[in-house]
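>>> need coordinates for the following:
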Amino acid sequence: MGNVITFNPEIREVIIESGGNDVIKCYQCGRCMAACPWNLLEKLDYPTYRFCQRIKLGAIIESEDKEEIAADTIDVFRCVGCDSCKQECPRGVSLSDVLRAVRRILVDYDSYPAEIKSVVSRIYNSGNPLGESAEKRSDWAAGLNIPQFTQSHQYCYFPCCIPAYDSRMQKVAQATAKILKLAGVNFGIIGKEEFCCGEAVRRVGAEKVFQIAVKNNTDVFAKSGVRNVITTSPHCYTTFKNEYLEYYDKFDAIHATQLFAHLIKQKKIVPKKPFNKTVVYHDPCTLGRQMKVFDEPREVLKSIPELKLVEVPTFNREYSVCCGGGALGLWRDWPQDERLANLRAEQLLNTGAEVVAVACPYCLQMFEETLKSMNLDIVVMDVAEILYESLEDI
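Okay, here's the model as predicted:
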């Protein structure tokens, strides 16, 4: 006899009430299974389309068997929230929201992966996923003469936790700030009072920590009079744009590549120095598929003299394959043959590009570490870094 599936309406209702109501729309067509990047890996058979069915039956995380609960937990927390499934779903089911609802229950019962638990704890205690001091949050800007944000500034630049603290990623924040200064953009930074935007902790189900992040940042934004925010991270961008407005509706957000493209069109910055390289642009899931920002990063790269832009066949724009860094995937330690970054890196390298261009700190870190582990000496650069190299007044 096969395994008996138990029906637990209580589990189903708790998940639905926690934000998983999209399960009702699913009619098991299976298109999400083909779209999920995990199923592009030969080793895995990730049960994407089965999640909604199991939740409808209340047949998920309901077992009293520790091994079954552990297996469910691995599957539930494997999802990186890339929304490839939603892109293909004829009913628009947001499976990442459904799984976030399941995660909320697991987080509330303190039953979730140790790596994720550590990051959530660091964000809760220090306001950033690296556990660094708030006093060091603006150290990346040392020597750049960037003013403290006041109401007189048009923009507040919010670099994201990773570019604020990680020594490699700080170069992206510095390049961005230098471009803004060259263009005469009226901006300032907040620094130590900033808190992680909370996007990743909300995706993994740590809703209480997300609410702390929102409260901290919106209070600071309101006190400082912030009306427009420039972000380096697509994760900050989408969270400010879509999630924060429920709590503070007096501000708007723009991703740095959008502003760069606008400044180039206005000729406030004019790329003149040649960048004689073949470049492939990787569409970040959050900026591309979720926020529909596809053209602006490409427009920036195309404006740079002698830069040859190539594309990944088929898997570009809304069909881009996730780097695996979302939903705190940046801190997950998957085996080599279970890493989305390896798969995506091979697709990028097969274009013959000399440089991989990204517009997300997570993607940059994932690809640099992946290519290093593959012993490949390929350069990964943020669009801001490439653009800054091409400006004449350096």
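
>>> how close does T218 get to K250?
Separation of T218 from K250 (CB to CB, to the nearest Å): 9 Å. All C-beta spots, glycine's among them, are computed from the backbone N, C-alpha and C.

>>> who's more crowded, the two?
Using other CB atoms under 10 Å, the more surrounded residue of T218 and K250 is T218, with 21 against 11.

>>> what about that one, which helix or strand?
helix 207-224 (DSSP states H and E).

>>> just checking, what packs against that helix?
Packing partners of helix 207-224 (3 or more CB pairs under 8 Å, 6 or more residues apart in numbering; DSSP states H and E): helix 114-126, helix 199-203.

>>> tell me which residues of the longest one are tucked away?
This means helix 114-126. Under the neighbour-count criterion of 16 or more other CB atoms under 10 Å, helix 114-126 has 116-117, 119-120, 122-123, 126 buried.

>>> before we move on, the earlier item: mind checking the helices and strands packed on helix 207-224 for the one nearest to K272?
K272 lies closest, by CB to CB, to one member of the helices and strands packed on helix 207-224: helix 199-203, at 36.1 Å.

>>> list the contacts of that closest one.
81, 96, 100, 103, 119-120, 123, 129, 209-210, 213, 235-236, 238-239, 243, 326-328 (CB atoms under 8 Å, 6 or more residues apart in numbering).

>>> from the chain's centroid, how far away is it?
Chain-centre distance of helix 199-203: 9 Å, with CA atoms, centre = their mean, to the nearest Å.

>>> hey, C-alpha coordinates of that helix in PDB?
Extracted as PDB, the C-alpha positions of helix 199-203 are listed here (Å, rounded to 0.1, in the frame of the first residue of the first chain):
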ATOM      1  CA  GLU A 199      12.500  41.900   2.300                       C
ATOM      2  CA  ALA A 200      14.400  38.600   2.800                       C
ATOM      3  CA  VAL A 201      13.100  38.000   6.400                       C
ATOM      4  CA  ARG A 202       9.600  38.500   5.200                       C
ATOM      5  CA  ARG A 203      10.100  36.000   2.400                       C
END
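
>>> roughly how far apart are the residue lying closest to R317 once chain neighbours are set aside and A70?
Using CB to CB, 6 or more residues apart in numbering and skipping the chain neighbours, the partner closest in space to R317 is F294 (5.0 Å). Using CB to CB, we find F294 at a distance of 39 Å from A70.
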